[in-house]
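Enquirer: Give me a 3D structure for the following:
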Amino acid sequence: QVRLEESGGGLVQAGDSLRLSCAPSGETFSTRNMGWFRQPPGKEREFVASIDWTDTETQYADSVKGRFIISRDNADNTVYLQMNNLKIEDTARYYCASQRPGIPLSGRPHEWNFWGQGTQVTVSS
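Expert: Numbering: from 1, shown residues only. Okay, here's the model as predicted:
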């Protein structure tokens with residue numbers, strides 16, 4: 001069983017930056033694709049970014065391209081989401097997710113197997 005714990009959320013102003021961290025535990029982190037999703041108030045969970053287990057492929061939602069960067073440190077068992085130039089519409093609860101080994105990188109929530117509890121990001125004007 002994989003357990004995921006997010007940290008780094010908070011209240012910031014538009015234009016600020018935040019870095020989210022996710023520390024998986026329980027099983028081998030280095031063989032799993034990792035992703036970030038978010039759920040804005042009153043909306044469904046949506047894809048933000050993902051990174052494959054080899055650290056060679058990343059995917060981003062169009063809404064965050066050029067502003068957010070996903071990275072991973074396999075030696076440290078941590079995946080990060082650097083969020084720059086935050087906008088009010090980035091306000092959401094952000095979730096870390098992982099896939100079982102062998103599953104292709106995906107932006108569809110139902111294709112991710114393990115989820116953290118989330119961390120709240122609130123962007124004010």
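Enquirer: what's the burial count for residue 65?
Expert: 10 (other Cβ atoms under 10 Å). In this view, the C-beta of every residue, glycine as well, is placed from N, C-alpha and C.
Enquirer: and it, that one's in a helix?
Expert: No: counting by DSSP: H, G, I helix; E, B strand; the rest coil, residue 65 is located in no helix; its state is coil.
Enquirer: tell me the pLDDT at it?
Expert: Predicted confidence (pLDDT) at residue 65: the value is 98.
Enquirer: distance of it from residue 85?
Expert: Distance of residue 65 to residue 85, computed by Cβ to Cβ, to the nearest Å: 12 Å.
Enquirer: in the protein, which spans are helices?
Expert: With DSSP state H as the definition, the chain shows no helices.
Enquirer: Not counting sequence-adjacent ones, nearest residue to the residue most central in space within it?
Expert: Nearest residue to the geometric centre of the chain (Cα atoms, centre = their mean): residue 36, 2.0 Å. Distances taken as Cβ to Cβ, 6 or more residues apart in numbering put residue 48 closest to residue 36, at 4.3 Å, once the chain neighbours are dropped.
Enquirer: where along this structure do the strands fall?
Expert: Assigned by DSSP state E, the strands in the chain fall at 3-7, 10-13, 18-25, 34-39, 46-51, 58-60, 68-73, 78-83, 92-98, 114-115, 119-124.
Enquirer: any chance of those in TSV, plus mean pLDDT and distance to residue 104?
Expert: Shown next, in TSV, are the strands of the chain (pLDDT from 0 to 100; distance: least, Cβ to Cβ, whole Å):
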stretch	mean pLDDT	distance to residue 104
strand 3-7	93	20
strand 10-13	98	33
strand 18-25	93	19
strand 34-39	97	12
strand 46-51	97	10
strand 58-60	97	11
strand 68-73	96	16
strand 78-83	97	18
strand 92-98	97	14
strand 114-115	94	16
strand 119-124	98	26
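Enquirer: Could you point out which of these sits nearest residue 107?
Expert: Closest of the strands of the chain to residue 107 is strand 46-51, at 3.8 Å (criterion: Cβ to Cβ).
Enquirer: Which elements pack onto that closest one?
Expert: In terms of contacts (3 or more Cβ pairs under 8 Å, 6 or more residues apart in numbering; DSSP states H and E), strand 46-51 is packed against strand 34-39, strand 58-60, strand 68-73, strand 78-83.
Enquirer: Sounds good, over and out.
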